[in-house]
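> Predicted model and sequence follow; I will ask about them next.
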Amino acid sequence: MASMITPVRSPIRTNQISSLYLSPNRISPSNVALKSRSLSSPSLAFSPLPEKLRVPALSTGFSGWSQHLRRRGTVEFPVVKAASDGAEIEITEGSKSFLEKFPFLITGFFFFMWYFLNVIFNILNKKVYNYFPYPYFVSVIHLLVGVVYCLVSWSVGLPKRAPIDKEQLALLTPVAFCHALGHVMSNVSFAAVAVSFTHTIKALEPFFNASASQFVLGHHIPLSLWLSLAPVVIGVSMASLTELSFNWLGFGSAMISNIAFTYRSIYSKKAMTGMDSTNVYAYISIIALLVCIPPALIIEGPKLMQYGFRDAIAKVGIYKFVSDLFWIGMFYHLYNQLATNTLERVAPLTHAVGNVLKRVFVIGFSIVVFGSCSHLSLFHSLL
């Protein structure tokens, strides 16, 4: 009995699957950009693929899938670069953010907020001195509010507290001492003379900063920079001669604060090598508070207990008195925090020049609010 073989017809046509490249008549191909190099292994040698290789998608028997692929068209795949020498695989990085491309915008924002908060602080601070002229105690309140702010921020992890060792403490202690001295002397000057005059004297800070850089740090300061500071020195001298509220206590205190803040800027920049600026200023505030408490108790403690607090409360009430002290302390801490963040991004001398520009805003607003400067003195201050 002869065997019979019945041929079976397959629905798949072999001429349609002749190779890896299937017929493009059924589906739009996908464009895949491949960049490849030969592998480093001597046992495996592959010829490099072309830069642009068109690989069509596989045909399927499901009409729905075919229609879906037709609608999708091409598919984009990420480009992966492989090292030719067997090194690590490298994925192309994405584009930088807008602020990363223009970092000066962040620096400019720090400068702006520093100026803005400083103007508010100086106006509120002088208003407090009009009915409570105790600069040593007010200086302690400024630092105390800031320290409480730092402790609360650390407790919630904004920012995370940076540990401090003996070496960092040794670096920060002279910074904190200069900060405390400059802060107290500034407040003594604010209480003794007009705000505009104090800031006019403190506009000499770049001159002191350049002097310290030249003679203390050994940095060479070009003659052109010294000549550019000459108008500042001349303007301060002329403003001092024509200032209506001039006295030697206010003038001398402002000059001492210039020297103290100059050294604070120099040593703060050195201390930022192992710690961020926010934590640096937090530790500076804590140490400076401990430095300021003893002189405040010795110099103004008896007067405050006898009639200082009583007179202030009688003039404005206890609620306004306490709220004023709190807000000037808060604005003081915030503007100094922004100033320290700015110092982290620029050189000490640039920071000092920015301080001068800040004083132009403070002098202008203080004259508008308090009206305590003659027109001739204003011209010399802005010179």
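Yes, it's here. Residues are numbered from 1 along each chain as shown.
> Surely Thr173 touches Ile287?
Yes: contact criterion Cβ atoms under 8 Å: Thr173 and Ile287 qualify, at 6.1 Å. C-beta coordinates here come from the backbone N, C-alpha and C atoms, glycine included.
> confidence score at Leu172?
Looking at Leu172, its pLDDT is 89.
> Quick one: residues contacting it.
Leu172 is in contact with 164, 271, 280, 283-284, 287, counting by Cβ atoms under 8 Å, 6 or more residues apart in numbering.
> what does Val147 give?
Val147 neighbours (Cβ under 8 Å, 6+ apart): 282, 285-286, 289.
> Apply 6 Å and report the result again.
Listed by Cβ atoms under 6 Å, 6 or more residues apart in numbering, the contact set of Val147 reads 285-286, 289.
> ok, so of the contacts of Leu172, who is nearest Lys96?
Nearest to Lys96 among the contacts of Leu172, counting by Cβ to Cβ, is Val280 at 27.5 Å.
> what helix or strand is that closest one on?
Element membership for Val280 (DSSP states H and E) is helix 277-299.
> Please identify the buried residues of that helix?
Within helix 277-299, the residues scored as buried using 16 or more other Cβ atoms under 10 Å are 277-289, 291-293, 296.
> tell me the mean pLDDT for the following helix or strand past it?
Downstream of helix 277-299, the first helix or strand assigned by DSSP H and E is helix 301-303. The average of the pLDDT scores along helix 301-303 is 94.
> who touches helix 301-303?
With contact meaning Cβ under 6 Å, 6+ apart, helix 301-303 is reached by no other residue.
> how about that helix: buried residues?
In helix 301-303, counting by 16+ other Cβ under 10 Å, buried: Gly301.
> Could you check the pLDDT of Ser10?
So Ser10 comes in at 45 (pLDDT).
> do the same with Trp248
pLDDT at Trp248 comes out at 88.
> Can you show me the helices along the stretch 101-250 of the chain?
104-129, 135-155, 166-192, 195-202, 205-215, 223-242, 248-271 (DSSP state H, counting those that start in this stretch).
> and Leu325, which of those helices is closest to it?
Among the helices of the stretch 101-250 of the chain, the nearest to Leu325 by Cβ to Cβ is helix 135-155 (4.9 Å).
> Alpha carbons only: can I get that closest one in CSV?
Provided in CSV are the C-alpha atoms of helix 135-155 (Å, rounded to 0.1, in the frame of the first residue of the first chain):
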residue,chain,number,x,y,z
PRO,A,135,23.1,99.1,72.1
TYR,A,136,24.9,96.4,74.0
PHE,A,137,21.6,94.8,75.1
VAL,A,138,20.1,95.2,71.7
SER,A,139,23.1,93.5,70.2
VAL,A,140,22.6,90.5,72.4
ILE,A,141,18.9,90.4,71.4
HIS,A,142,19.9,90.4,67.7
LEU,A,143,22.2,87.4,68.2
LEU,A,144,19.8,85.6,70.6
VAL,A,145,17.0,85.6,68.1
GLY,A,146,19.3,84.4,65.4
VAL,A,147,20.7,81.6,67.6
VAL,A,148,17.1,80.4,68.4
TYR,A,149,16.3,80.5,64.6
CYS,A,150,19.4,78.3,63.9
LEU,A,151,18.5,75.8,66.6
VAL,A,152,15.0,75.5,65.3
SER,A,153,16.3,75.1,61.7
TRP,A,154,18.7,72.4,62.8
SER,A,155,16.0,70.5,64.7
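> Could you pull up the mean pLDDT of it?
Helix 135-155 carries an average pLDDT of 95.
> Can you point out the buried residues in it?
Buried positions in helix 135-155, judged by neighbour count with 16+ other Cβ under 10 Å: 135-147, 149-150, 153.
> do the same with stretch 104-120
Neighbour-count burial for stretch 104-120 [16+ other Cβ under 10 Å]: 107, 110-111, 113-120.
> Please produce a markdown table containing those, extended by pLDDT and distance to Asp324.
Shown next, in a markdown table, are those (pLDDT from 0 to 100; distance: Cβ to Cβ, whole Å):
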| residue | pLDDT | distance to Asp324 |
| --- | --- | --- |
| Thr107 | 87 | 32 |
| Phe110 | 88 | 27 |
| Phe111 | 90 | 27 |
| Met113 | 92 | 22 |
| Trp114 | 90 | 22 |
| Tyr115 | 90 | 22 |
| Phe116 | 91 | 19 |
| Leu117 | 92 | 16 |
| Asn118 | 90 | 17 |
| Val119 | 89 | 17 |
| Ile120 | 92 | 12 |
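> Out of these, flag the one nearest to Gly250.
So of these, ranked by how close each gets to Gly250 (Cβ to Cβ), first place is Asn118, at 18.8 Å.
> Just give the closest residue to that closest one, not the sequence neighbours.
Tyr335 (4.5 Å; Cβ to Cβ, 6 or more residues apart in numbering).
> Check the gap between Ser153 and His333 for me.
Computed as Cβ to Cβ, to the nearest Å, the Ser153 to His333 distance reads 10 Å.
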